[in-house]
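> coordinates only, sequence not included:
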């Protein structure tokens with residue numbers, strides 16, 4: 001199976017049983033950033049968030 005890339009110019013349809021990660025990003029150039037992803041399963045009625053029980057916490061990384 002080929003990797004599936006969700007982007008604005010991809011008009012292929014998602015199919016039941018496929019999984020994907022949806023990343024939201026925050027970036028303050030040259031200062032800080034964050035990339036958080038949720039994993040979803042495509043179902044017959046929509047999508048199920050597989051990572052909704054995963055706790056999110058802030059972690060600081062010192063240079």
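Okay, I see it. Being a predicted model, the structure only gives us computed values, none of them experimental.

> okay, strands next: where are they in this structure?
19-28, 32-43, 46-49 (DSSP state E).

> comparing those strands, which yields the minimum mean pLDDT?
Ranked by mean pLDDT, the strands of the chain bottom out at strand 19-28, which scores a mean of 82.

> sheet-wise, list the partners of it with their directions.
Strand 19-28 has its sheet partners listed here by DSSP bridges as strand 32-43 (antiparallel).

> how many other residues sit next to residue 21?
Per other Cβ atoms under 10 Å, the neighbour tally for residue 21 reads 11. All C-beta atoms are positioned from the backbone trio N, CA, C, and that covers glycine.

> err, residue 16, not the other one
9.

> so how far is residue 50 from it?
As judged by Cβ to Cβ, to the nearest Å, residue 16 and residue 50 stand 14 Å apart.

> repeat for residue 34
Applying Cβ to Cβ, the value for residue 34 to residue 50 is 20 Å.

> ok, the closest residue to residue 18 other than its chain neighbours - contacts?
Distances taken as Cβ to Cβ, 6 or more residues apart in numbering place residue 42 nearest to residue 18, at 4.6 Å, with adjacent residues excluded. Residues counted as contacts of residue 42 (Cβ atoms under 8 Å, 6 or more residues apart in numbering) are 14-20.

> which non-adjacent residue is nearest the residue most central in space within the chain?
In the chain, the centroid-proximal residue (Cα atoms, centre = their mean) is residue 22; its distance is 1.9 Å. Nearest residue to residue 22, sequence neighbours excluded (Cβ to Cβ, 6+ apart): residue 38, at 5.5 Å.

> contacts only, for the one you found.
Here residue 38 is in contact with 21-22, 49-52 (Cβ under 8 Å, 6+ apart).
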